[in-house]
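K.L.:
Provided below are the primary sequence and the corresponding predicted coordinates.
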Amino acid sequence: AALVRLQNVTKQYRTPNGTVTAVDAVDLDVEQGEILGVIGYSGAGKSTLVRLINALEKPTDGTVHVGNDELTALPERRVRAVRREIGMIFQQFNLFNSRTVAGNVAYPLKLAGVGQPERDQRVARLLDFVGLLEKAHSFPDQLSGGQKQRVGIARALATDPKLLLADEATSALDPETTADVLALLKRVNRELGITIVVITHEMDVIRTIADRVAVMDNGRIVELGSVYDVFSAP
Ligand code: ADP
Ligand code: ADP
């Protein structure tokens, strides 16, 4: 079954130089339990696609479903509830440098109103899962890039999302660290059952982790299939 369904989705931006079509009549299902890679050059529309899925942008045309909810039809309060079911990780990690590792992971739980004892338990469990329990009281600038992204992953998982969106999440990391983070994302998928969409411009990332791949070019999905089929096509 599809966890995310985009139907005929177009997103246009008005700029001083005219209208830019960032996403152009895209149909795409993200299946429950899969790791879907989305690859394309800079400007292909990948980040816009992500922002449409987590309702940070509204489509100019078409519909976006997450689970049974059609995002454009929901009041803002319900949109925020859907967004809590979606975890995000980023190229630059987006951690709060003034908060400890534990504080970063606890933050979305605080926002969700989870009380102290349960919060502490969940933060400890998440840090254990990503292998950083001993860093709970460190600050982000005391960590390596790979460790920072593991904190980002723990924070993204804090509210028990169904879906994790990774936007160029390994693009700032060296190859060895990239492999570690991708292995962790694979565990997130296989052990926790979380559906993942990985946005990247790097073919190796898709090869390492994705079940299926969508190739974006100029706002369109020009190829969609298993990684094997798409990448070994002549
Ligand atoms: P990618 O993530 O693949 O690099 P983006 O989704 O960031 O692609 O961008 C797709 C196209 O939409 C590009 O031409 C970009 O310049 C344009 N674009 C993205 N966001 C905006 C915006 N907020 N305003 C105007 N144009 C935008
Ligand atoms: P901040 O000052 O940024 O809020 P803290 O280090 O005070 O960061 O911790 C914030 C939250 O993180 C605490 O309320 C608690 O829920 C959680 N926390 C702190 N230390 C730990 C720890 N060792 N294990 C699990 N959770 C912790």
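P.N.:
Ah, there it is. Residues are numbered from 1 along each chain as shown. Ligands and ions are numbered 1, 2, ... in the order given.
K.L.:
buried sites along the longest helix seen in the chain?
P.N.:
Secondary structure of the chain read by DSSP state H shows that its longest helix is helix 175-192. Along helix 175-192, these residues count as buried under the neighbour rule (16 or more other Cβ atoms under 10 Å): Thr177, Thr178, Ala179, Asp180, Val181, Leu182, Leu184, Leu185, Val188, Asn189. Where you see a C-beta, it was placed from the backbone N, CA and C, and this is true even at glycine.
K.L.:
and ligand 2, which of those residues contact it?
P.N.:
Restricting the buried residues of helix 175-192 to those within reach of ligand 2 (Cβ under 6 Å from any ligand atom) leaves nothing.
K.L.:
got TSV for these, with pLDDT too?
P.N.:
Compiled in TSV, the buried residues of helix 175-192 are given as follows (pLDDT from 0 to 100):
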residue	pLDDT
Thr177	96
Thr178	97
Ala179	97
Asp180	97
Val181	97
Leu182	98
Leu184	98
Leu185	98
Val188	98
Asn189	98
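K.L.:
if we can go back for a sec, the longest helix of the chain packs against which elements?
P.N.:
The elements that helix 175-192 packs onto, with contact taken as 3 or more Cβ pairs under 8 Å, 6 or more residues apart in numbering; DSSP states H and E, are strand 35-39, helix 145-157, strand 163-167, strand 195-200, helix 203-209.
K.L.:
redo those as a markdown table? Include mean pLDDT, distance to ligand 2 and mean neighbour count.
P.N.:
Compiled in a markdown table, the helices and strands packed on helix 175-192 are given as follows (pLDDT from 0 to 100; distance: least, Cβ to the nearest ligand atom, whole Å; neighbours: other Cβ atoms under 10 Å):
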| stretch | mean pLDDT | distance to ligand 2 | mean neighbour count |
| --- | --- | --- | --- |
| strand 35-39 | 98 | 28 | 25 |
| helix 145-157 | 98 | 11 | 24 |
| strand 163-167 | 97 | 21 | 24 |
| strand 195-200 | 98 | 25 | 24 |
| helix 203-209 | 95 | 28 | 18 |
